[in-house]
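Asks: The amino acid sequence is not available; the structure is as follows:
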């Protein structure tokens, strides 16, 4: 079971330092998602993050800045993926980028040839987005997953639900609200999650 963390959608004081601490605690992959952000905020945060960790970051926005920070991982929200033509996907793949995307209904997804993995959900009721409810039944189990594609469950994921995700045949978990909004602290909660895997 693998673990991916997604940033809060907003920027906050000390975020870069906290991200460095998470990587120092063993985080293997961070998705930097700032849907309402401008380029200046993105650049500022990236400069606060230790460059040694850039290879462990996937970005959801500002893909055009990836080369500036030697980032080789790009994530596509569902709408953006649909707007990205087949030729562009081939170019990115050929240039050595690792691509992933979000999926909000299980088909299974088509056009997965150039994808390393997908996020699917919300599997549980969201912690960070009010009213963002689960789209699966409790007895849901992934089926007909294209060969070589990993599927990560997102939405309302906490350490207590890792075993449930495994039962549903997910390859890993994506955490957001349970990580950043935890009263005991983000790094301590991450360390607890790692022990629960």
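Replies: On my side now, so go ahead. As the structure is a prediction and not an experimental result, all values here were calculated from the model.
Asks: Show me which residues of the helix or strand of the chain with the lowest mean pLDDT are buried.
Replies: Lowest mean confidence among the helices and strands of the chain (mean pLDDT, DSSP states H and E): helix 78-83, at a mean of 89. Across helix 78-83, burial judged by 16 or more other C-beta atoms under 10 Å covers residue 81. The C-beta positions use only the backbone N, C-alpha and C, and glycine is treated the same way.
Asks: which stretches of this protein form helices?
Replies: 15-24, 39-48, 78-83, 86-94, 162-167, 177-180, 186-196 (DSSP state H).
Asks: pLDDT of the shortest one, averaged?
Replies: pLDDT averaged over helix 177-180 equals 92, rounded to a whole number.
Asks: most tightly surrounded among the helices of the chain?
Replies: Scoring the helices of the chain by mean neighbour count under mean count of other C-beta atoms under 10 Å gives helix 177-180 as the most buried, with a mean of 21.
Asks: which residues are in contact with that helix?
Replies: Around helix 177-180, the neighbours that count as contacts under C-beta atoms under 8 Å, 6 or more residues apart in numbering are 5, 7-8, 126-129, 156-159, 186, 189-190, 193.
Asks: Over to stretch 16-32 now: how far is its first residue from its last?
Replies: Here the two ends of stretch 16-32 are set 11 Å apart, with distance taken as C-alpha to C-alpha, to the nearest Å.
Asks: same check, this time on stretch 55-67
Replies: 11 Å.
Asks: what does stretch 175-184 give?
Replies: OK, stretch 175-184 end separation, C-alpha to C-alpha: 16 Å.
Asks: And the strands in the protein?
Replies: Ranges of strands within the chain are 2-6, 30-32, 57-59, 73-76, 98-103, 115-120, 150-153, 172-175, based on DSSP state E.
Asks: so what secondary structure elements neighbour the fifth one?
Replies: Looking back up the chat, that one is strand 98-103. Contact here means 3 or more C-beta pairs under 8 Å, 6 or more residues apart in numbering; DSSP states H and E; on that basis strand 98-103 packs against strand 73-76, helix 78-83, helix 86-94, strand 115-120.
Asks: And the last one, by the same measure?
Replies: Taking 3+ C-beta pairs under 8 Å, 6+ apart as contact, the helices and strands that strand 172-175 lies on are strand 2-6, strand 150-153, helix 162-167.
Asks: who does the closest residue to residue 176 other than its chain neighbours bridge with?
Replies: If you skip the residues right next to it in sequence, residue 176 has residue 6 as its closest partner in space, 4.5 Å away by C-beta to C-beta, 6 or more residues apart in numbering. As for beta bridges, residue 6 partners with residue 31 under DSSP bridges.
Asks: State the distance from residue 6 to residue 178.
Replies: Separation of residue 6 from residue 178 (C-beta to C-beta, to the nearest Å): 11 Å.
Asks: now residue 163
Replies: 15 Å.
Asks: Tell me where this structure is predicted with low confidence.
Replies: Under the criterion of pLDDT under 70, none of the chain is flagged as low confidence.
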